[in-house]
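S.K.: sharing a model prediction with you, sequence too.
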There are 4 protein chains.
Amino acid sequence: MHRQLVLDKISSILDATDANYDGKLTEILDKASRIFVSGAGRSGLIGRFLAMRLMHSGYDVSVVGEIVTPSIKTGDLLIVISGSGETEQLIAFTKKAKEIGAQIVLISAKSDSTIGDMADAVFQVGKSDQYSKVKGMPMGTVFELSTLIFLEAMVSHIIHEKGIAEEEMRARHANLE
Amino acid sequence: MHRQLVLDKISSILDATDANYDGKLTEILDKASRIFVSGAGRSGLIGRFLAMRLMHSGYDVSVVGEIVTPSIKTGDLLIVISGSGETEQLIAFTKKAKEIGAQIVLISAKSDSTIGDMADAVFQVGKSDQYSKVKGMPMGTVFELSTLIFLEAMVSHIIHEKGIAEEEMRARHANLE
Amino acid sequence: MHRQLVLDKISSILDATDANYDGKLTEILDKASRIFVSGAGRSGLIGRFLAMRLMHSGYDVSVVGEIVTPSIKTGDLLIVISGSGETEQLIAFTKKAKEIGAQIVLISAKSDSTIGDMADAVFQVGKSDQYSKVKGMPMGTVFELSTLIFLEAMVSHIIHEKGIAEEEMRARHANLE
Amino acid sequence: MHRQLVLDKISSILDATDANYDGKLTEILDKASRIFVSGAGRSGLIGRFLAMRLMHSGYDVSVVGEIVTPSIKTGDLLIVISGSGETEQLIAFTKKAKEIGAQIVLISAKSDSTIGDMADAVFQVGKSDQYSKVKGMPMGTVFELSTLIFLEAMVSHIIHEKGIAEEEMRARHANLE
């Protein structure tokens, strides 16, 4: 049964992912003036899931590439989601953001990468060898789904730590959709 | 030559569009806490052109339907761009925004419409009869292009009135793209 | 630990989700001329995950609301992702698609709903009572994550059934990003 | 009056834009298997206006960066819209598309640029010196609006040349929006 295989794989990836990440990432988010989220393709979709929940939780957050996204500045945070840490466009964004004086966080399947070398912090989801040859889950699927669960759990951590009420989140949620 | 025909048509539409609109619309924008822009299809693209320029000019602006767009509240402004004033989804947005206590502005080719009836102000671009049977400009093209020029000129009005420097706008413009 | 709670919840939802859905949904997809995917907010993101994988697998697929999405016709399939089955805009899409003669599939947390009543098939993810009062997972999170895993597993089913090689999927994947 | 200034500027830019471009660009479009449109920020919006009209006119067209956009191949055409011809991300796309064997068309304010050097054809909108110091039209506005009118007129040329009926275009236009 494919569902169970997918869940088991995500579970083993998350078991190999540092339990302290939730607290560390929350700390970095709380220090940032504004948060910018970037990712290519399906990693960009994961970034959007995260961005929406951060907005609900009261953070000032933008998705890189959207029409009303402003310029990034010193004191802002750029979150880069990239399984390989080598996506060409995201390397360019990371360089520019770093020059400007923004903080960089990479969320990746790799411990070492071009973006990782420039980042202030790297959050590695799983271990590199866990991603090789996963039968029936094409391309970056394992990274994407594991990262999504990791980030949703991190948001759940934030909600608990700060005691954010669900009514408060609902009140921020888009009412024109 | 098609280019000249297109420009002539836009020019005659804009000649028939109230010269006081720039000032009136600026006044409404300045009173709003936050601005929400909505439109379907190509009118949605025009809304995005406007939203980016308003962001550059220092307004707090969101595009309806984007992932980090928050809830609209009393004191906010919803700008609806709809040639017909009858787009089903935009009627629903207008109703909801009105109930919540937001101000509504409609930019339209029609003086009377379902959205217009609910709006606090209607800005009619051209006159209804100017849109009938424009050879070689399919569907809403005349409305879309005229509205885009109208709104760009309105932004130009704002920039002059407020003395916004181009450097200031550039400093706000996305630097990750 | 939030990660484990999230995974356990998804696991119990998927256990309560009919195991025959993968085969049934694949059959419906294979009969469609073209596939249109729609959803609001985060359900729209899940629809995009699905749409990309279906494109990789060789289906002709469009996301409702994108700029180059064509008109839906008889013989086409509209997939609606809606936890409540009551999203106003999606009710309107479903009505219009049904009038035109397209097939409608609803993926939902509810067995009964306005969209469900119009749909040719309803795929219920979990049971309604499983969604009430999930601590620390705000709003639609449980439905969204469970549905994403359900759909990814369904794509995995398709890949196995049809013997689609990963190279073939990679060859279709966007090379400009 | 700002509207007249904007229209006059666009008019003088279009007067300085080769009248044969409409025919030449149509010829290139007709030779392509599939068309991919790309641009950053507001030039990306212009690309979306073009992409929608090309879809209406019966071409197989995708917007680079959208979720269901497939890989570009030999025989396909990449249209790049870039005022400077130097947008970093678009340089990367152009290089990759060229290596793969796709045709490249640049639409630009410059006759010489990095992208222009790699392109199979450059369509220069206006002359470079016409863009310097346009009072009250910030940043790329003159290029963007002139290019939009140029491309809309080019689509109008296509519609006339091929005798595409407006009903045919309407039948292709999205009916879920």
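M.R.: Received it, and whenever you're ready, just let me know what you need. Bear in mind the structure is a predicted one, so any value in this text is a computation, not a measurement.

S.K.: strands along chain A, start to end?
M.R.: Using DSSP state E, the strands assigned to chain A run over residues A:35-39, A:61-63, A:77-81, A:103-108, A:121-124.

S.K.: so for B:Met52, which of the ones you listed sits nearest?
M.R.: strand A:61-63 (12.8 Å; CB to CB). In this view, the C-beta of every residue, glycine as well, is placed from N, C-alpha and C.

S.K.: hmm, that closest one in reach of chain C?
M.R.: No: for strand A:61-63, no contact with chain C is found by CB under 8 Å from any CB of the partner chain; the gap never falls below 11.3 Å.

S.K.: which residues touch that strand?
M.R.: With contacts defined as CB atoms under 8 Å, 6 or more residues apart in numbering or on different chains, strand A:61-63 is touched by A:34-38, A:44, A:47-48, A:51, A:54-55, A:68-70, B:66-68.

S.K.: of the residues you listed, which ones also sit close to chain D?
M.R.: Okay, of the contacts of strand A:61-63, nothing touches chain D (CB under 8 Å from any CB).

S.K.: in helices, which of the residues you listed fall?
M.R.: In this view, the contacts of strand A:61-63 that belong to helices under DSSP state H are A:44, A:47-48, A:51, A:54-55.

S.K.: and those, which are buried?
M.R.: A:44, A:47-48, A:51, A:54-55 (16 or more other CB atoms under 10 Å in any protein chain shown).

S.K.: C:Lys95: which of the residues you listed is nearest?
M.R.: The closest of those, once distances to C:Lys95 are taken by CB to CB, is A:Arg48, at 27.9 Å.

S.K.: burial measure for A:His160, as a count.
M.R.: 13 (other CB atoms under 10 Å in any protein chain shown).

S.K.: wait, A:Lys31
M.R.: 10.

S.K.: then A:Ser111?
M.R.: Residues near A:Ser111, counting by other CB under 10 Å, number 11.

S.K.: skipping adjacent residues, who's closest to it in space?
M.R.: A:Gln124 (5.2 Å; CB to CB, 6 or more residues apart in numbering or on different chains).

S.K.: residues in contact with the one you found?
M.R.: Here A:Gln124 is in contact with A:17-18, A:108-111 (CB under 8 Å, 6+ apart).

S.K.: tell me the pLDDT of it.
M.R.: As predicted, A:Gln124 sits at a pLDDT of 98.

S.K.: and chain A, which residues reach chain D?
M.R.: Applying CB under 8 Å from any CB, we find that chain A lies next to chain D at A:41, A:45, A:65, A:67, A:88-89, A:92.

S.K.: between all of the residues you listed, which two are separated the most?
M.R.: A:Ile67 and A:Glu88 (22.6 Å).

S.K.: the more surrounded of these two?
M.R.: Taking other CB under 10 Å, A:Ile67 and A:Glu88 do not tie; A:Ile67 has more neighbours (22 against 16).

S.K.: A:Glu161 touches A:Glu27, doesn't it?
M.R.: No: using CB atoms under 8 Å, A:Glu161 makes no contact with A:Glu27, being 10.3 Å away.

S.K.: re earlier: among the buried ones among the ones in helices among the contacts of strand A:61-63, which are in reach of chain B?
M.R.: Restricting those to contacts with chain B (CB under 8 Å from any CB) yields A:48, A:51, A:55.

S.K.: count the neighbours of the nearest residue to the last one once chain neighbours are set aside for me.
M.R.: Using CB to CB, 6+ apart and skipping the chain neighbours, the partner closest in space to A:Met55 is B:Val68 (4.8 Å). Burial measure for B:Val68: 23 neighbouring residues, criterion other CB under 10 Å.

S.K.: can you pull the contacts of A:Asn121?
M.R.: Just so we're on the same page, residue A:121 is Ala rather than Asn. A:Ala121 sits next to A:24, A:28, A:104-106 when contact means CB under 8 Å, 6+ apart.

S.K.: what's the most distant pair in those?
M.R.: With CB to CB as the measure, no two of the contacts of A:Ala121 lie farther apart than A:Lys24 and A:Ile104, at 14.4 Å.

S.K.: which of those two has more residues huddled nearby?
M.R.: A:Ile104 (20 against 14).

S.K.: coming back round to it: can you pull the phi/psi pair for the residue nearest to A:Met55?
M.R.: With angles defined as degrees, to the nearest 10, B:Val68 sits at phi -100, psi 10.

S.K.: quick check: A:Trp46 vs C:Arg48, distance?
M.R.: Check again: residue A:46 is Ile, not Trp. From A:Ile46 across to C:Arg48, the span is 11 Å (CB to CB, to the nearest Å).

S.K.: identify the contacts common to the two.
M.R.: Counting by CB under 8 Å, 6+ apart, nothing touches both A:Ile46 and C:Arg48.

S.K.: low-scoring stretches of chain A, by residue?
M.R.: By pLDDT under 70, the low-scoring segments of chain A are A:1, A:133-139.

S.K.: ok, and the closest non-adjacent residue to A:Lys95?
M.R.: A:Met118 (6.7 Å).

S.K.: now the one you found: how far from A:Ile107?
M.R.: 14 Å.

S.K.: and for A:Leu50?
M.R.: In this view, A:Leu50 and A:Ile107 are 9 Å apart by CB to CB.

S.K.: go on, A:Ile67?
M.R.: From A:Ile67 to A:Ile107 the distance is 24 Å (CB to CB).

S.K.: now the angle from the longest helix anywhere in chain A to strand A:35-39?
M.R.: Ranked by residue count under DSSP H, the longest helix found in chain A is helix A:141-162. On the basis of axes from the mean of the first three to the mean of the last three CA atoms, to 10 degrees, helix A:141-162 is oriented at 170 degrees to strand A:35-39.

S.K.: can you tell me if helix A:141-162 touches chain B.
M.R.: No: on the criterion CB under 8 Å from any CB, helix A:141-162 is out of touch with chain B, staying 14.0 Å away.
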